[in-house]
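Could you work out the structure for the sequence below:
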Amino acid sequence: MPVPRRRSTRQATRSRQPRGRSRVGERFEAEVGPIAHGGHCVVRLLQTAGQQESRVVFVRHALPGERVVVEITEGTEGDRFWRGDAVEVLVPSPDRVVAPCLVAGPGLCGGCDFQHVTPAAQRRLKADVVREQLHRLAGLDLEVEVEAVPGDVDGLRWRTRQRYVELPDGRRGMRKHRSHDVVPVDDCLLEAPEGPSCSVLGRDFSVGRGGFWQVHPGAPQVLVETVLAMLRPEPGEAALDLYAGVGLFAAFLLDAVGETGHVVAVEADGSACEHAGVNLGIGAFVEHGPVDEVLERGLDRPFDLVVLDPPREGAKRHVVEQVVARTPRAVAYVACDPAALARDIAIFAEHGYTVQDLRAFDLFPMTHHVECVALLGFSR
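Below you'll find the model as predicted:
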(Lines give C-alpha, C1' and ligand atoms only; values in the text may rest on other atoms or scores of the structure.)
Protein backbone atom coordinates (compact mmCIF):
# COMPACT_ATOMS: atom_id res chain seq x y z
CA MET A 1 0.00 0.00 0.00
CA PRO A 2 1.27 3.49 -0.75
CA VAL A 3 2.84 5.76 1.83
CA PRO A 4 0.49 8.65 2.76
CA ARG A 5 1.08 11.58 0.41
CA ARG A 6 1.22 14.31 3.04
CA ARG A 7 3.87 12.70 5.21
CA SER A 8 6.24 11.50 2.51
CA THR A 9 9.81 11.63 3.80
CA ARG A 10 11.83 10.77 0.71
CA GLN A 11 14.41 13.38 -0.07
CA ALA A 12 15.63 13.43 -3.67
CA THR A 13 19.28 14.26 -4.22
CA ARG A 14 19.53 17.63 -5.95
CA SER A 15 21.71 17.80 -9.03
CA ARG A 16 24.23 20.63 -8.75
CA GLN A 17 27.41 21.82 -10.32
CA PRO A 18 30.54 20.62 -8.48
CA ARG A 19 32.52 23.38 -6.78
CA GLY A 20 36.05 22.09 -6.70
CA ARG A 21 37.55 18.67 -6.14
CA SER A 22 35.22 15.98 -4.83
CA ARG A 23 35.97 14.76 -1.31
CA VAL A 24 33.62 11.76 -1.55
CA GLY A 25 35.18 8.62 -0.13
CA GLU A 26 37.73 10.41 2.06
CA ARG A 27 37.82 9.44 5.72
CA PHE A 28 38.44 11.50 8.84
CA GLU A 29 38.57 10.69 12.54
CA ALA A 30 36.40 13.12 14.50
CA GLU A 31 34.41 13.87 17.66
CA VAL A 32 30.65 13.91 17.12
CA GLY A 33 28.78 17.07 18.08
CA PRO A 34 25.07 17.69 18.73
CA ILE A 35 22.09 16.17 16.97
CA ALA A 36 20.67 18.24 14.10
CA HIS A 37 17.29 18.35 12.41
CA GLY A 38 17.20 15.67 9.71
CA GLY A 39 18.55 12.55 11.39
CA HIS A 40 22.24 13.38 11.49
CA CYS A 41 24.78 14.81 13.92
CA VAL A 42 27.07 17.79 13.43
CA VAL A 43 30.79 17.09 13.07
CA ARG A 44 33.32 19.89 12.67
CA LEU A 45 36.54 18.81 11.02
CA LEU A 46 39.60 20.68 12.22
CA GLN A 47 41.29 23.29 10.07
CA THR A 48 43.59 22.04 7.35
CA ALA A 49 46.21 23.83 5.31
CA GLY A 50 44.66 26.61 3.25
CA GLN A 51 41.34 26.39 5.07
CA GLN A 52 40.32 29.31 7.26
CA GLU A 53 37.67 27.59 9.38
CA SER A 54 36.47 24.16 10.38
CA ARG A 55 34.36 22.18 7.93
CA VAL A 56 30.84 21.18 8.97
CA VAL A 57 29.83 17.63 8.11
CA PHE A 58 26.33 16.27 8.68
CA VAL A 59 26.95 12.69 9.73
CA ARG A 60 24.48 9.81 9.88
CA HIS A 61 24.78 6.67 12.01
CA ALA A 62 26.56 8.56 14.80
CA LEU A 63 25.62 9.78 18.28
CA PRO A 64 26.61 12.95 20.17
CA GLY A 65 29.85 12.52 22.12
CA GLU A 66 31.16 9.56 20.13
CA ARG A 67 34.51 9.39 18.41
CA VAL A 68 34.08 7.96 14.93
CA VAL A 69 35.62 7.57 11.52
CA VAL A 70 33.57 9.64 9.05
CA GLU A 71 33.46 8.78 5.36
CA ILE A 72 32.35 11.65 3.15
CA THR A 73 29.34 10.74 0.99
CA GLU A 74 28.64 14.16 -0.57
CA GLY A 75 30.83 17.23 -0.88
CA THR A 76 33.45 19.14 -2.80
CA GLU A 77 36.12 21.58 -1.68
CA GLY A 78 33.91 24.58 -2.42
CA ASP A 79 30.79 23.42 -0.58
CA ARG A 80 29.70 25.09 2.67
CA PHE A 81 29.14 21.68 4.26
CA TRP A 82 29.59 18.02 3.50
CA ARG A 83 27.59 14.90 4.27
CA GLY A 84 29.01 11.70 5.64
CA ASP A 85 28.49 8.38 7.38
CA ALA A 86 30.07 7.10 10.58
CA VAL A 87 31.66 3.93 9.18
CA GLU A 88 33.63 3.03 12.30
CA VAL A 89 32.89 3.81 15.95
CA LEU A 90 36.06 4.26 18.04
CA VAL A 91 34.43 5.44 21.28
CA PRO A 92 30.71 4.53 21.42
CA SER A 93 27.93 6.32 23.27
CA PRO A 94 26.22 4.39 26.09
CA ASP A 95 23.02 4.92 24.10
CA ARG A 96 24.32 2.92 21.13
CA VAL A 97 22.89 -0.53 20.40
CA VAL A 98 23.27 -3.07 17.63
CA ALA A 99 20.71 -2.23 14.95
CA PRO A 100 17.92 -4.83 14.95
CA CYS A 101 17.59 -4.55 11.17
CA LEU A 102 20.20 -6.30 9.01
CA VAL A 103 19.99 -3.67 6.27
CA ALA A 104 20.32 -0.61 8.52
CA GLY A 105 23.65 1.20 8.45
CA PRO A 106 26.05 3.11 6.19
CA GLY A 107 25.42 2.46 2.51
CA LEU A 108 22.35 0.33 3.18
CA CYS A 109 18.59 1.07 3.46
CA GLY A 110 17.87 4.76 4.01
CA GLY A 111 14.50 4.32 5.65
CA CYS A 112 15.69 4.60 9.28
CA ASP A 113 17.91 7.15 10.99
CA PHE A 114 18.16 5.77 14.54
CA GLN A 115 18.29 1.97 14.43
CA HIS A 116 21.59 2.23 16.31
CA VAL A 117 20.01 4.16 19.22
CA THR A 118 17.97 2.93 22.19
CA PRO A 119 14.28 3.96 21.91
CA ALA A 120 14.49 6.17 25.02
CA ALA A 121 17.55 7.96 23.66
CA GLN A 122 15.85 8.41 20.29
CA ARG A 123 13.11 10.35 22.02
CA ARG A 124 15.64 12.48 23.90
CA LEU A 125 17.39 13.32 20.64
CA LYS A 126 14.09 14.29 19.03
CA ALA A 127 13.25 16.47 22.01
CA ASP A 128 16.62 18.21 21.60
CA VAL A 129 15.80 18.93 17.96
CA VAL A 130 12.33 20.31 18.73
CA ARG A 131 13.76 22.46 21.52
CA GLU A 132 16.55 23.80 19.28
CA GLN A 133 14.21 24.61 16.38
CA LEU A 134 11.80 26.47 18.65
CA HIS A 135 14.67 28.46 20.14
CA ARG A 136 16.39 29.25 16.84
CA LEU A 137 13.33 30.01 14.71
CA ALA A 138 10.74 31.23 17.22
CA GLY A 139 12.86 32.58 20.07
CA LEU A 140 11.25 30.21 22.59
CA ASP A 141 12.89 28.30 25.41
CA LEU A 142 10.52 25.46 26.24
CA GLU A 143 10.94 22.16 27.99
CA VAL A 144 10.15 19.39 25.54
CA GLU A 145 9.48 15.72 26.19
CA VAL A 146 8.80 13.32 23.34
CA GLU A 147 6.25 10.77 24.51
CA ALA A 148 6.06 7.14 23.46
CA VAL A 149 2.74 6.08 21.94
CA PRO A 150 1.16 2.62 22.28
CA GLY A 151 1.13 0.60 19.08
CA ASP A 152 4.74 -0.32 18.35
CA VAL A 153 7.07 -2.97 19.79
CA ASP A 154 10.20 -1.21 21.06
CA GLY A 155 9.99 1.10 18.04
CA LEU A 156 9.28 -1.68 15.53
CA ARG A 157 6.22 -3.05 13.67
CA TRP A 158 4.29 0.21 13.64
CA ARG A 159 4.13 1.27 9.98
CA THR A 160 0.65 0.25 8.83
CA ARG A 161 1.33 1.45 5.29
CA GLN A 162 4.58 0.74 3.50
CA ARG A 163 5.95 1.26 0.02
CA TYR A 164 8.60 -0.91 -1.61
CA VAL A 165 10.50 -0.80 -4.86
CA GLU A 166 9.81 -3.83 -7.04
CA LEU A 167 13.05 -5.45 -8.25
CA PRO A 168 13.46 -7.26 -11.61
CA ASP A 169 13.94 -10.63 -9.89
CA GLY A 170 10.58 -10.31 -8.16
CA ARG A 171 12.02 -9.29 -4.80
CA ARG A 172 11.31 -5.96 -3.15
CA GLY A 173 13.61 -3.33 -1.76
CA MET A 174 14.08 0.11 -0.24
CA ARG A 175 16.16 3.01 -1.49
CA LYS A 176 19.42 4.13 0.00
CA HIS A 177 19.58 7.53 1.71
CA ARG A 178 19.46 10.39 -0.85
CA SER A 179 19.80 7.90 -3.69
CA HIS A 180 17.82 6.01 -6.30
CA ASP A 181 19.85 2.87 -5.62
CA VAL A 182 17.83 0.03 -4.11
CA VAL A 183 18.72 -2.37 -1.29
CA PRO A 184 16.79 -5.67 -1.26
CA VAL A 185 14.63 -5.95 1.87
CA ASP A 186 13.03 -9.28 2.74
CA ASP A 187 11.41 -8.03 5.94
CA CYS A 188 11.17 -4.37 6.95
CA LEU A 189 11.08 -4.40 10.73
CA LEU A 190 9.00 -1.21 10.79
CA GLU A 191 6.13 -2.76 8.84
CA ALA A 192 3.13 -3.66 10.97
CA PRO A 193 1.58 -7.13 10.63
CA GLU A 194 -1.77 -5.55 9.73
CA GLY A 195 -2.94 -2.54 7.78
CA PRO A 196 -4.43 0.60 9.33
CA SER A 197 -7.50 0.51 11.49
CA CYS A 198 -9.64 3.52 10.67
CA SER A 199 -11.56 3.36 13.94
CA VAL A 200 -10.92 5.96 16.65
CA LEU A 201 -12.56 6.06 20.08
CA GLY A 202 -15.43 3.90 18.89
CA ARG A 203 -16.02 5.87 15.67
CA ASP A 204 -15.35 4.32 12.23
CA PHE A 205 -13.94 6.54 9.47
CA SER A 206 -14.26 6.14 5.73
CA VAL A 207 -10.85 6.58 4.05
CA GLY A 208 -10.12 6.21 0.33
CA ARG A 209 -7.52 3.79 -0.98
CA GLY A 210 -4.22 5.62 -0.75
CA GLY A 211 -5.85 8.47 1.16
CA PHE A 212 -4.11 10.08 4.12
CA TRP A 213 -4.35 8.34 7.48
CA GLN A 214 -1.74 8.29 10.23
CA VAL A 215 0.58 5.28 9.80
CA HIS A 216 1.29 4.66 13.49
CA PRO A 217 -1.67 2.72 14.92
CA GLY A 218 -1.69 4.78 18.13
CA ALA A 219 -1.50 8.16 16.38
CA PRO A 220 -5.14 9.02 15.56
CA GLN A 221 -6.41 8.50 19.10
CA VAL A 222 -3.57 10.29 20.88
CA LEU A 223 -3.79 13.25 18.50
CA VAL A 224 -7.56 13.56 18.84
CA GLU A 225 -7.38 13.33 22.63
CA THR A 226 -4.59 15.92 22.76
CA VAL A 227 -6.33 18.40 20.46
CA LEU A 228 -9.60 18.13 22.39
CA ALA A 229 -7.85 18.50 25.76
CA MET A 230 -6.04 21.61 24.54
CA LEU A 231 -8.96 23.33 22.82
CA ARG A 232 -11.63 22.43 25.42
CA PRO A 233 -14.50 22.95 22.97
CA GLU A 234 -17.80 24.09 24.47
CA PRO A 235 -21.37 23.62 23.23
CA GLY A 236 -22.34 26.35 20.81
CA GLU A 237 -18.82 27.23 19.67
CA ALA A 238 -17.71 27.54 16.04
CA ALA A 239 -14.69 25.48 14.96
CA LEU A 240 -12.57 25.49 11.82
CA ASP A 241 -10.62 22.35 10.86
CA LEU A 242 -7.97 23.24 8.26
CA TYR A 243 -6.19 20.59 6.15
CA ALA A 244 -8.97 18.39 7.48
CA GLY A 245 -8.33 15.23 5.47
CA VAL A 246 -11.27 12.86 5.97
CA GLY A 247 -12.52 14.84 8.99
CA LEU A 248 -10.78 13.14 11.92
CA PHE A 249 -10.65 16.23 14.15
CA ALA A 250 -13.81 17.78 12.77
CA ALA A 251 -15.86 14.72 13.74
CA PHE A 252 -14.96 14.96 17.41
CA LEU A 253 -15.24 18.75 17.43
CA LEU A 254 -18.75 18.36 16.04
CA ASP A 255 -19.68 16.08 18.93
CA ALA A 256 -18.27 18.57 21.43
CA VAL A 257 -19.90 21.77 20.13
CA GLY A 258 -23.26 20.05 19.71
CA GLU A 259 -26.30 21.06 17.73
CA THR A 260 -25.91 24.71 18.66
CA GLY A 261 -22.31 24.75 17.46
CA HIS A 262 -20.77 24.95 14.01
CA VAL A 263 -17.86 23.08 12.38
CA VAL A 264 -16.28 23.73 8.96
CA ALA A 265 -13.69 21.35 7.50
CA VAL A 266 -11.40 22.59 4.69
CA GLU A 267 -9.44 20.15 2.52
CA ALA A 268 -7.79 20.45 -0.91
CA ASP A 269 -8.06 16.79 -1.91
CA GLY A 270 -11.39 16.04 -3.58
CA SER A 271 -11.52 12.39 -2.62
CA ALA A 272 -10.78 13.21 1.04
CA CYS A 273 -13.61 15.77 0.97
CA GLU A 274 -16.04 13.13 -0.24
CA HIS A 275 -15.03 10.83 2.60
CA ALA A 276 -15.21 13.71 5.07
CA GLY A 277 -18.77 14.30 4.01
CA VAL A 278 -19.57 10.67 4.82
CA ASN A 279 -17.70 10.77 8.14
CA LEU A 280 -19.20 14.04 9.36
CA GLY A 281 -22.76 13.70 8.14
CA ILE A 282 -25.33 16.36 8.94
CA GLY A 283 -24.17 19.32 10.99
CA ALA A 284 -20.75 20.02 9.52
CA PHE A 285 -19.73 21.82 6.35
CA VAL A 286 -16.93 20.56 4.09
CA GLU A 287 -15.17 23.11 1.89
CA HIS A 288 -13.14 21.74 -1.04
CA GLY A 289 -10.06 23.70 -2.10
CA PRO A 290 -6.58 24.82 -1.05
CA VAL A 291 -6.79 26.23 2.46
CA ASP A 292 -5.31 29.61 1.58
CA GLU A 293 -7.74 30.10 -1.31
CA VAL A 294 -10.80 28.97 0.66
CA LEU A 295 -9.96 31.35 3.52
CA GLU A 296 -9.25 34.19 1.14
CA ARG A 297 -12.58 33.97 -0.64
CA GLY A 298 -14.84 33.23 2.33
CA LEU A 299 -15.35 31.95 5.87
CA ASP A 300 -14.53 35.48 7.00
CA ARG A 301 -16.66 35.35 10.14
CA PRO A 302 -15.13 34.76 13.60
CA PHE A 303 -14.36 31.22 14.77
CA ASP A 304 -13.78 30.23 18.39
CA LEU A 305 -11.47 27.30 17.64
CA VAL A 306 -9.09 26.34 14.84
CA VAL A 307 -7.25 23.10 14.16
CA LEU A 308 -4.25 23.35 11.84
CA ASP A 309 -2.78 20.10 10.52
CA PRO A 310 -0.76 21.25 7.49
CA PRO A 311 1.62 19.24 5.30
CA ARG A 312 5.31 19.05 6.14
CA GLU A 313 6.16 22.54 4.86
CA GLY A 314 3.76 24.11 7.37
CA ALA A 315 0.87 26.53 7.03
CA LYS A 316 3.03 29.56 6.15
CA ARG A 317 2.35 33.27 6.55
CA HIS A 318 -0.71 33.73 4.36
CA VAL A 319 -2.68 30.97 6.08
CA VAL A 320 -1.53 31.98 9.58
CA GLU A 321 -2.63 35.56 8.99
CA GLN A 322 -5.97 34.37 7.63
CA VAL A 323 -6.42 32.29 10.80
CA VAL A 324 -5.69 35.12 13.21
CA ALA A 325 -8.07 37.34 11.24
CA ARG A 326 -10.88 35.04 12.47
CA THR A 327 -9.89 35.89 16.09
CA PRO A 328 -10.04 32.35 17.52
CA ARG A 329 -9.66 31.99 21.28
CA ALA A 330 -7.50 28.89 20.73
CA VAL A 331 -5.56 27.23 17.90
CA ALA A 332 -4.33 23.62 17.98
CA TYR A 333 -1.42 23.22 15.56
CA VAL A 334 -0.54 19.61 14.64
CA ALA A 335 2.91 19.48 13.06
CA CYS A 336 5.10 16.75 11.62
CA ASP A 337 8.09 19.07 11.12
CA PRO A 338 9.45 21.09 14.06
CA ALA A 339 11.15 23.66 11.85
CA ALA A 340 7.94 24.48 9.98
CA LEU A 341 6.07 24.60 13.29
CA ALA A 342 8.60 27.03 14.77
CA ARG A 343 8.47 29.32 11.75
CA ASP A 344 4.67 29.45 11.88
CA ILE A 345 4.68 30.00 15.66
CA ALA A 346 6.89 33.04 15.09
CA ILE A 347 4.28 34.43 12.67
CA PHE A 348 1.49 33.78 15.17
CA ALA A 349 3.53 35.66 17.78
CA GLU A 350 3.61 38.75 15.55
CA HIS A 351 -0.17 38.86 15.97
CA GLY A 352 -0.27 38.26 19.70
CA TYR A 353 -0.77 34.49 19.72
CA THR A 354 1.69 32.64 21.94
CA VAL A 355 2.32 29.01 22.82
CA GLN A 356 0.24 27.97 25.82
CA ASP A 357 1.08 24.26 25.72
CA LEU A 358 3.18 21.87 23.65
CA ARG A 359 3.31 18.09 23.48
CA ALA A 360 5.46 15.90 21.25
CA PHE A 361 4.91 12.27 20.27
CA ASP A 362 7.14 9.53 18.89
CA LEU A 363 4.87 8.55 16.01
CA PHE A 364 7.81 7.55 13.78
CA PRO A 365 10.22 5.43 15.87
CA MET A 366 13.63 4.61 14.41
CA THR A 367 13.42 7.72 12.22
CA HIS A 368 14.19 11.37 12.98
CA HIS A 369 10.55 12.41 12.48
CA VAL A 370 8.45 13.62 15.40
CA GLU A 371 4.87 14.89 15.74
CA CYS A 372 4.07 17.96 17.83
CA VAL A 373 0.81 19.53 18.96
CA ALA A 374 0.99 23.17 20.04
CA LEU A 375 -1.76 25.21 21.66
CA LEU A 376 -1.72 28.88 20.70
CA GLY A 377 -3.81 31.52 22.41
CA PHE A 378 -4.16 35.31 22.19
CA SER A 379 -2.10 36.88 24.96
CA ARG A 380 -2.38 40.64 24.62
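
Just the buried residues of the host helix or strand of K126, please?
Per DSSP states H and E: K126 is located in helix 119-138. The neighbour-count check on helix 119-138 (16 or more other C-beta atoms under 10 Å) flags 119, 121-134, 137-138 as buried. Quick note: C-beta positions are derived from backbone N, CA and C, even for glycine.

and the top strand by length along the chain, what does it pack onto?
The longest strand of the chain (DSSP state E) is strand 81-91. Counting contacts by 3 or more C-beta pairs under 8 Å, 6 or more residues apart in numbering; DSSP states H and E, strand 81-91 packs against strand 55-60, strand 67-74.

what's the closest of those strands to I347?
Among the helices and strands packed on strand 81-91, the nearest to I347 by C-beta to C-beta is strand 55-60 (27.4 Å).

sorry, back to before: how far away from the center of its chain is the longest strand of the chain?
Distance of strand 81-91 from the chain centroid (C-alpha atoms, centre = their mean, to the nearest Å) equals 25 Å.

Tell me the strands beside it, with direction?
Paired neighbours of strand 81-91 in the sheet (DSSP bridges): strand 55-60 (parallel), strand 67-74 (antiparallel).

Outside of the longest one itself, which residues are in contact with it?
Outside strand 67-74, the residues within contact range by C-beta atoms under 8 Å, 6 or more residues apart in numbering are 13, 23-32, 43, 45, 57, 59, 62, 82-91, 106, 178.

For that strand, which residues meet the burial criterion?
Result for strand 67-74 [16+ other C-beta under 10 Å]: buried residues R67, V68, V70, E71, I72, T73, E74.

and which of these is nearest to R172?
Checking the buried residues of strand 67-74 against R172 with C-beta to C-beta, the nearest one is T73 at 24.5 Å.

Quickly note the distance from the closest one to R83.
5 Å (C-beta to C-beta, to the nearest Å).

what touches both of the two?
Here T73 and R83 have R178 as joint contacts, going by C-beta under 8 Å, 6+ apart.

and this structure, what are its domains?
Following automatic domain parsing, the chain resolves into domains at 5-101, 126-155+194-378.

Pull the distance from the longest one to the chain's centre.
When distances are taken as C-alpha atoms, centre = their mean, domain 126-155+194-378 is centred 13 Å away from the chain's centroid.

Quick check: mean pLDDT of that domain?
Domain 126-155+194-378 shows a mean pLDDT of 97 in the predicted model.

What separates the first and last residues of it, distance-wise?
Domain 126-155+194-378 has an end-to-end distance of 28 Å (criterion: C-alpha to C-alpha, to the nearest Å).
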